[in-house]
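Enquirer: could you look at this predicted model? Sequence included:
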Amino acid sequence: MKSRIRTIAYAFVLVFIVLAAQEARVQLVQRSDILERPGDPRRAQSLRLRGELLDAAGRPLAQSVGARRVYDAGAALAQIVGYSSPIYGESGLEAALDPILAPRAGEEDSATSLASLIGRTQALPHAKGGQVVLTLRRDVAMIVDQALPQSIRGAAIVMDPRTGAVLALVNRPTFDPNTLTADWNQLHARSDAPFLDRSLDGLYPPGSTFKMVTASAALDSGTFTLDDRFDDPGHFDIGGFSLHNAEHEVTGNQSFMGAFALSSNVDFAQIGVKMGLDTFYEYLHRYRIGEDVALAVPVSRDEVPPQATVSDSELAQMAFGQGSLAVTPLRMALVGAAIANGGVLMHPTLVKEIRAAGVAPIRIMPVEWARPISAESADAMRDLMIAVVKYGTGTAAKLPDVTVAGKTGTATHPNGLPDAWFVCFAPAQAPRLVVAVVVEDAGYGGVVAAPIARTILANVLPLYR
């Protein structure tokens, strides 16, 4: 009997040692990982001291009020600002900037962990997280949010071409991060992906907006001049394929400017083939197309077929933005920004300043990324894009007192109506804003996307006067 009791006692001691060792491992080894997991209740406590995301004017975009995280721009900037939730974790800039925003544990943190093993837990001393000032502007975002119809799928971007500062990234559909917990299950059940940041992660055929790249490459390389003329009989036969314009339109004999303004696929197929694969790809590289954008948040990489696999017929299609090309709306905004900025492409930025306790503020300065075309070529492209809005396919973007330069796009794909594009900048002679709009499965860019861009310009430009 005594030996049996002794055996049971030893078993209890062994179980206790095992449990104590497991508790020690959790508290001392795995504790930091556990604290980072969504759903840990201590994350909710840390929200009280989480730092703020501010817009370029210092207005809050994400701030903690008690134990709640409040998003002052609401649904307008939901995907890019993201959310910080004790249940669902972080997304967007809340996730990317978490090392700066998250509150810091004090020096007694490890001692507190040890004390918890013997039941002497204490309140963890914390320091408030840092602040991050973004390039985003809440007032601009609200204007874009009002301009984008609620019923569409798509995105709109507003940038400052002089600095690369991203002023607004607005998506459709969207969600309200202030009601994330209540709406989570419904949002995840939707087939239209409201959490997707289409402005940065959506990949679309660019359609005729890509003629900005082709035309600038053709002029900058000296392959063509503005004096060259083209004949468009309504089709261009190459490699066993017959390429044509939308609705089989025939634009006839046109100058280079007319071919661009009327957006002739037939003319631009010929331009691409004559320019040649090596020159075409050289300018793709100059514009950094297909390269990592290296923004503060992840951005999908453009899909560009390997040069060695591209036939003449594929090159002809790529020259007017079709074929195997797929780009993000951000990419086309950057192409427009390079032209608007005299041929200088500034690196896009979302962060303006970082403010952390105990260190001097860190200011993020504008950085030149590339010079894809000369200033003279950029001036010629500006004139071509003015013609698009003045008498070409983009007349719906006209403003009464400001000259707008733009390019429409109607990008066909096998899954529905074409995606409607419009990329523009204004004022054309001294650009302050670049706007890129894409609307999925909507039809003509000049009919659907250009009026949206016009509304954005009409209401944002006065903010700069």
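Expert: Great, that's in hand.
Enquirer: what about the stretch 101-250 of the chain, any weak spots by pLDDT?
Expert: Applying pLDDT under 70 to the stretch 101-250 of the chain flags residues 105-126, 247-248.
Enquirer: going along the chain, name the strands of it.
Expert: Assigned by DSSP state E, counting those that start in this stretch, the strands in the stretch 101-250 of the chain fall at 104-105, 126-127, 131-134, 154-159, 166-172, 229-232, 235-238, 241-244.
Enquirer: I'd like those strands laid out as a markdown table, including mean neighbour count.
Expert: To be clear about C-beta, it is placed using only N, CA and C from the backbone, and glycine gets the same treatment. Formatted as a markdown table, those follow (neighbours: other C-beta atoms under 10 Å):
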| stretch | mean neighbour count |
| --- | --- |
| strand 104-105 | 16 |
| strand 126-127 | 14 |
| strand 131-134 | 24 |
| strand 154-159 | 28 |
| strand 166-172 | 27 |
| strand 229-232 | 17 |
| strand 235-238 | 16 |
| strand 241-244 | 16 |
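Enquirer: mind listing the strands for the stretch 301-450 of the chain?
Expert: Using DSSP E, counting those that start in this stretch, the strands of the stretch 301-450 of the chain run over residues 345-346, 351-355, 362-363, 368-370, 405-411, 419-426, 433-439.
Enquirer: tell me which of the ones you listed lies nearest to Leu61.
Expert: Relative to Leu61, the nearest member of these by C-beta to C-beta is strand 351-355, separated by 12.1 Å.
Enquirer: could you find the closest non-adjacent residue to the residue most central in space within the chain?
Expert: Taking C-alpha atoms, centre = their mean, the centroid of the chain lies closest to Leu200, which sits 2.6 Å from it. Counting by C-beta to C-beta, 6 or more residues apart in numbering, Leu200 lies nearest to Val299, which is 4.7 Å off, once chain neighbours are set aside.
Enquirer: what's around that neighbour, how many residues?
Expert: Residues lying near Val299 (other C-beta atoms under 10 Å) number 18.
Enquirer: before we move on, back to that, now render the strands of the stretch 101-250 of the chain as CSV, adding distance to Ala308.
Expert: CSV is the format used below for the strands of the stretch 101-250 of the chain (distance: least, C-beta to C-beta, whole Å):
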stretch, distance to Ala308
strand 104-105, 51
strand 126-127, 55
strand 131-134, 41
strand 154-159, 32
strand 166-172, 34
strand 229-232, 29
strand 235-238, 19
strand 241-244, 20
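Enquirer: select, out of the strands of the stretch 301-450 of the chain, the one closest to Leu49.
Expert: Of all these, strand 351-355 sits nearest to Leu49, with 14.8 Å by C-beta to C-beta.
Enquirer: buried stuff in stretch 290-299?
Expert: Neighbour-count burial for stretch 290-299, counted by 16 or more other C-beta atoms under 10 Å, picks out 290, 293, 295-297, 299.
Enquirer: out of the strands of the stretch 101-250 of the chain, which is closest to Leu262?
Expert: Nearest of these to Leu262, taken as C-beta to C-beta: strand 229-232 at 8.5 Å.
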